[in-house]
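Enquirer: Just the structure for this:
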Amino acid sequence: MREAAALLAQARRVVIFTGAGVSAESGVPTFRDALTGLWRSFDAQRLATPEAFREDPALVWGWYEWRRATVRRARPNAGHVAVAAIEARVPGAIVVTQNVDDLHERAGSIAPIHLHGSLFAPRCSACARPATTSDEAAEEPDDGRRVPPPRCAHCAGLVRPGVVWFGEALPTAALEAAVEAASTCDLLVTVGTSGLVYPAAEIPQVAARFGATVVQVNPQETPLDAVSDVNLRGPAAQVLPALVHAAWGADPA
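Expert: Next up is the predicted model:
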């Protein structure tokens, strides 16, 4: 911890790279754990595809409505707050996240880069324009599972979730911004990610290849151990506030 705190306190260009483990500590199920209740009989990897949406848009939209409702009930945890505190302490610090929730924003982070899109940024499946949806979503759709998606106000196409599905490329602008940040930072802190989901898992490796120090926060060993200079074992909600305190002598606000 002392070594990581010294590195953080001295860093001038910091990237905080977060994964599902951070949000899981707020009670948001990880992707593969997200099938509960009426959804247990489904395969998440089959629901999260363009093909599934074409075949049964109401089924897929209903599942994502349930996921959005789950996220709305969640609250940012101390790890999210600590990430925002690092941003406040290090001008120009950049958050790159694989999470599709808005918990970083609600904790005070400014414009995190969402590599896998966002549950709260739906778009038209036909013309790709951003779309708006109701702020109200049922925990479980009344008819069991299916909720017809809304129509685009511009072209009447079906509105789809604004997330990256299996078989789709990451958003070009987000990926380019993340790679640029990783290749120019002097410290990358990777938090709560397995290091198994590509191409996002390349981001810490890019930082290491360009000479940055990599600090990993994770309860378990991951493939990113190989590129991490310092490994802090433990949950983000405990380790990150302690790291901020050790670096600057103040608790995250």
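Enquirer: can we go C-alpha only for contacts and neighbour counts from here?
Expert: Will do.
Enquirer: tell me the pLDDT at Val239?
Expert: What the model reports for Val239 is a pLDDT of 98.
Enquirer: any idea which helix or strand carries it?
Expert: In the assignment (DSSP states H and E), Val239 maps to helix 236-248.
Enquirer: Flag every buried residue along that helix.
Expert: By neighbour count with 16 or more other C-alpha atoms under 10 Å, helix 236-248 contains the buried residues 236-237, 239-244, 246-247.
Enquirer: now the helices for the stretch 151-253 of the chain?
Expert: Using DSSP state H, counting those that start in this stretch, the helices of the stretch 151-253 of the chain run over 172-184, 202-209, 236-248.
Enquirer: Reformat those as TSV; add distance to Ala6.
Expert: Formatted as TSV, these follow (distance: least, C-alpha to C-alpha, whole Å):
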stretch	distance to Ala6
helix 172-184	20
helix 202-209	18
helix 236-248	6
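Enquirer: Could you say which one of these comes nearest to Arg151?
Expert: With respect to Arg151, and counting by C-alpha to C-alpha, the nearest of the helices of the stretch 151-253 of the chain is helix 172-184 at 25.3 Å.
Enquirer: Give me the helices and strands touching the closest one, please.
Expert: Packed against helix 172-184 by the contact rule (3 or more C-alpha pairs under 8 Å, 6 or more residues apart in numbering; DSSP states H and E) you find strand 113-114, helix 202-209.
Enquirer: Could you list the residues in contact with it?
Expert: 13, 15, 94, 96, 113-115, 188, 203-204, 206-207, 209-210, 212 (C-alpha atoms under 8 Å, 6 or more residues apart in numbering).
Enquirer: confidence score at Ala250?
Expert: Looking at Ala250, the pLDDT reads 73.
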